[in-house]
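K.L.:
The sequence isn't on hand, but the structure is:
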């Protein structure tokens, strides 16, 4: 597994992921009263946190993209 997520991308993923995981539980938005949107937000948030932590994105691999600048090939 090669690194294909650079540091700025990694930071953005982890922060956005944490926001998406916590938002349904602390925001009080009516949108999250639906179980679908609650779980969708949590799952997408967890995927972002995990890909940021591992520094590998399968979608980037499929399209041949990398935001890492020779950080771990």
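P.N.:
Okay, I see it. Just so it is clear, the model here is predicted, and its values are computed rather than measured.
K.L.:
what residues does stretch 27-41 touch?
P.N.:
Applying CB atoms under 8 Å, 6 or more residues apart in numbering, the contact partners of stretch 27-41 are 20-21, 23-24. All C-beta spots, glycine's among them, are computed from the backbone N, C-alpha and C.
K.L.:
let's see it at 7 Å
P.N.:
With contact meaning CB atoms under 7 Å, 6 or more residues apart in numbering, stretch 27-41 is reached by 20, 23-24.
K.L.:
contacting residues around the spatially most central residue of the chain?
P.N.:
Most central in the chain under CA atoms, centre = their mean is residue 48, positioned 1.2 Å from the mean C-alpha point. Going by CB under 7 Å, 6+ apart, residue 48 touches 13, 16-17, 20.
K.L.:
again, only this time at 6 Å
P.N.:
13, 16-17 (CB atoms under 6 Å, 6 or more residues apart in numbering).
K.L.:
quick one: pLDDT of it?
P.N.:
On the pLDDT scale, residue 48 is placed at 98.
K.L.:
now swap in residue 2 and tell me
P.N.:
89.
K.L.:
tell me the SS of it?
P.N.:
coil (DSSP: H, G, I helix; E, B strand; the rest coil).
K.L.:
Tell me the spacing between it and residue 68.
P.N.:
From residue 2 across to residue 68, the span is 8 Å (CB to CB, to the nearest Å).
K.L.:
Distance-wise, check the residue of the chain most remote from its centre relative to residue 69.
P.N.:
What lies farthest from the middle of the chain is residue 30; by CA atoms, centre = their mean that is 23.3 Å. Distance, residue 30 to residue 69, using CB to CB: 43 Å.
K.L.:
before we move on, the earlier item: okay, residue 2 and residue 68: which has more neighbours?
P.N.:
Between residue 2 and residue 68, counted using other CB atoms under 10 Å, the more crowded position is residue 68 (18 against 11).
K.L.:
If we ignore the residues flanking it in sequence, what's nearest the more buried one?
P.N.:
residue 6 (4.3 Å; CB to CB, 6 or more residues apart in numbering).
K.L.:
All set, thanks.
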